[in-house]
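*Asks:* Sequence first, then the predicted structure:
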Amino acid sequence: MNTPNGKEPANPLATLTIGFIGSGVMGEAMISGLLKQRVVEPDHIFASDVLEERGLELNRKYGIRWTTDNTEVARAADLLVMSVKPQVLDKLLPELHGAAGRSPKIILSIIAGAHIQQLSEGLDNPSVVRAMPNTPARIGQGITVWTAAKEVPDAQREQARAVLASLGQEVYMDGEEYLDMATALSGTGPAYVFMFMEAMIDAGVHMGLPRRVAEQLVIQTMRGSVEYAAVSKEHPAALRNQVTSPGGTSAEAIYHLEKGGLRTVISRAIWAAYQRSVALGAGKKVSHGNPTPVRNPDELDNGR
């Protein structure tokens, strides 16, 4: 993309050292995305992990710097990505307090349920961006919902946006409450899709198809359907009706999906994931299988 004067826009990340506290699946996805999009060089990425073998693995794959010392990364980074499990955050914040507070360092957190205020106070840094990416970010096809503390300057917001754009699409929301909703819908969403794919593949094998053929049919059907929906911009119900002829195979299959309560199950699952995210942020426990209080599923189905 060219600017009005015909020059390429400046890369807001070009001179920054980007640090990663935690280099698991999503941490690696972000590292991979940044390097594939060539927005930073490998020696500008510095990651920490508790396992030395993990650091060596990342160095072999991407040529980045690594350490087992979290504070070393926190001090060196201009933009610090927090990508650890929520369960370890309470122990990690005292360790990083002060080390992550050097101005104009920006904190970019992808930790589910970790609120901006908690991170800002725990790290002694008001410049906190909170984001929820998803696993397709590993191939540059993710979508990330994010927001920022009011103290984050415009220049640092653009730095955060550039990091998240390297993973796929990004959506800024002016309100932290939307992050829990995004966690349940897009953050956790790939798990729902993969489970549906698994069920379809197993059904194909049950009918007699070789598994490799069933997998090919299902994966391309999912891919093609999603691309078709994106291009057509029609409501999903209209697209479904295009496939569903009276008395046909689609009508028979949909009858059984509706009879089995597919919509209600999906709505309840997403609502339960949302409550789990809210509970993580509040430090509360939610019992498995009972995400009460849950609104009437009919309300969820009707969008109320």
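*Replies:* Nice, thanks for sending it over.
*Asks:* How about the secondary structure of the residue located most distally from the centre of the chain?
*Replies:* Each residue of the chain has a distance to the centre, and by Cα atoms, centre = their mean the biggest one is for residue 247: 40.3 Å. Under DSSP: H, G, I helix; E, B strand; the rest coil, residue 247 falls in the coil class.
*Asks:* For it, what are phi and psi?
*Replies:* For residue 247, the backbone dihedrals are phi 70, psi 10 (criterion: degrees, to the nearest 10).
*Asks:* cool, and the one 5 residues further on?
*Replies:* Note on residue 252: its backbone torsions stand at phi -70, psi -40 [degrees, to the nearest 10].
*Asks:* Can you report how many residues lie near it?
*Replies:* Using other Cβ atoms under 10 Å, residue 252 has 10 other residues around it. Where you see a C-beta, it was placed from the backbone N, CA and C, and this is true even at glycine.
*Asks:* gap between it and residue 246?
*Replies:* 11 Å (Cβ to Cβ, to the nearest Å).
*Asks:* swap in residue 157?
*Replies:* For residue 157, the distance to residue 246 - Cβ to Cβ - is 52 Å.
*Asks:* more crowded one of the two?
*Replies:* residue 157 (17 against 6).
*Asks:* so which helix or strand takes in that one?
*Replies:* Here residue 157 sits within helix 154-165, counting by DSSP states H and E.
*Asks:* Kindly confirm my reading that residue 53 forms part of a helix.
*Replies:* Yes - assessed by three-state DSSP, residue 53 belongs to a helix.
*Asks:* three-state assignment of residue 174?
*Replies:* coil.
*Asks:* Contact partners for it?
*Replies:* Counting by Cβ atoms under 8 Å, 6 or more residues apart in numbering, residue 174 makes contact with residue 147.
*Asks:* I'd like the numbering to begin with 14 instead of 1 from here.
*Replies:* In the new numbering, first residue 14, that becomes residue 187.
*Asks:* Point out where the stretch 14-163 of the chain drops to low pLDDT.
*Replies:* Across the stretch 14-163 of the chain, the ranges flagged by pLDDT under 70 are 14-22, 115-117.
*Asks:* any idea how far the closest residue to residue 171 other than its chain neighbours is from residue 177?
*Replies:* Distance criterion Cβ to Cβ, 6 or more residues apart in numbering; nearest residue to residue 171, sequence neighbours excluded, is residue 25 at 4.9 Å. Distance, residue 25 to residue 177, by Cβ to Cβ: 12 Å.
*Asks:* Strands of the stretch 14-163 of the chain, start to end?
*Replies:* 31-34, 58-61, 78-80, 92-95, 119-122, 141-145, 155-161 (DSSP state E, counting those that start in this stretch).
*Asks:* Of all these, which one is nearest residue 193?
*Replies:* Closest approach to residue 193 among the strands of the stretch 14-163 of the chain (Cβ to Cβ): strand 141-145, 8.5 Å.
*Asks:* Could you please name the strands the closest one pairs with and the direction of each pair?
*Replies:* strand 119-122 (parallel), strand 155-161 (antiparallel) (DSSP bridges).
*Asks:* Just the CA trace of that strand, in CSV.
*Replies:* Written as CSV, here are the backbone C-alpha positions of strand 141-145 (Å, rounded to 0.1, in the frame of the first residue of the first chain):
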residue,chain,number,x,y,z
VAL,A,141,-1.3,-2.1,28.0
VAL,A,142,-3.0,-3.5,25.0
ARG,A,143,-5.2,-6.6,25.4
ALA,A,144,-5.9,-8.9,22.5
MET,A,145,-7.5,-12.2,21.7
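*Asks:* can you list contacts of it?
*Replies:* With Cβ under 8 Å, 6+ apart, strand 141-145 has contacts from 119-123, 125, 127-129, 132-133, 157-162, 165, 169-170, 173, 177, 189, 192, 195-196, 199-200.
*Asks:* Got a PyMOL select line for the buried ones in the residues you listed?
*Replies:* To isolate the buried members of these in PyMOL, using 16 or more other Cβ atoms under 10 Å:
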select buried, resi 119+120+121+122+123+125+127+128+129+132+133+157+158+159+160+161+162+165+169+170+173+177+192+195+196+199+200
